[in-house]
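*Asks:* Need coordinates for the following:
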Amino acid sequence: MAVALAILAAMLLPCWGAFPQFKKGSTKMNGARCSHHSECYSDCCLINLDHGGAFCVPRARITMMCLPQTKGAINIICPCQVGLSCIHKDPVCTRRCHLI
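*Replies:* Okay, here's the model as predicted:
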């Protein structure tokens with residue numbers, strides 16, 4: 001029984017960052033219109049010029065383009081999920097989320 005629990009835990013722990021990070025006071029789910037990143041459960045309010053507005057979206061996953069969270073209200077590229085760092089390993093390439 002203990003072995004089964006250990007295997008289950010080993011399978012679920014790497015996926016932990018995929019679950020939404022709920023914050024106190026946040027009210028909007030992904031896809032909802034927003035005007036400030038603090039309104040979103042994911043803490044990312046991304047501007048979308050094609051659809052004329054800003055929407056709550058998930059944070060960047062591993063190897064996705066990212067920018068560190070700023071004090072600004074709306075993001076042009078989202079910050080990384082919890083546990084990832086937004087760095088550039090090559091001065092020519094854009095920043096990406098990496099495990100550190």
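*Asks:* What count of nearby residues applies to residue 59?
*Replies:* Around residue 59 sit 22 other residues, with neighbours defined as other CB atoms under 10 Å. C-beta: built from backbone N, CA, C; applies to glycine.
*Asks:* Isn't it up against residue 42?
*Replies:* Yes. In terms of CB atoms under 8 Å, residue 59 counts as a neighbour of residue 42; the distance is 5.3 Å.
*Asks:* Strands of this protein, start to end?
*Replies:* 45-48, 53-56, 84-87, 96-99 (DSSP state E).
*Asks:* Which one of those lies nearest to residue 33?
*Replies:* For the strands of the chain, proximity to residue 33 was assessed by CB to CB; strand 53-56 is nearest, at 5.6 Å.
*Asks:* That closest one packs against which elements?
*Replies:* strand 45-48 (3 or more CB pairs under 8 Å, 6 or more residues apart in numbering; DSSP states H and E).
*Asks:* Check the offset of the strand it packs on from the chain's centre.
*Replies:* 13 Å (CA atoms, centre = their mean, to the nearest Å).
*Asks:* repeat for stretch 70-90
*Replies:* Averaging C-alpha positions (CA atoms, centre = their mean) puts stretch 70-90 8 Å from its chain's average.
*Asks:* Can you show me the CA trace of it as CSV?
*Replies:* Once non-C-alpha atoms are left out, stretch 70-90 reads as follows in CSV (Å, rounded to 0.1, in the frame of the first residue of the first chain):
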residue,chain,number,x,y,z
THR,A,70,6.2,44.1,-13.1
LYS,A,71,4.3,46.7,-11.2
GLY,A,72,2.3,47.4,-14.3
ALA,A,73,-1.4,46.5,-14.6
ILE,A,74,-1.3,44.4,-17.8
ASN,A,75,1.3,42.0,-19.1
ILE,A,76,2.6,41.7,-22.7
ILE,A,77,4.1,38.3,-21.9
CYS,A,78,3.2,36.4,-18.7
PRO,A,79,5.6,35.6,-15.9
CYS,A,80,6.5,31.9,-15.1
GLN,A,81,4.5,29.5,-13.0
VAL,A,82,5.5,29.0,-9.4
GLY,A,83,8.8,27.1,-9.1
LEU,A,84,10.2,28.3,-12.5
SER,A,85,12.6,31.2,-13.1
CYS,A,86,12.4,33.6,-16.1
ILE,A,87,16.0,33.8,-17.4
HIS,A,88,17.8,33.9,-20.7
LYS,A,89,20.6,31.4,-21.1
ASP,A,90,21.8,33.1,-24.3
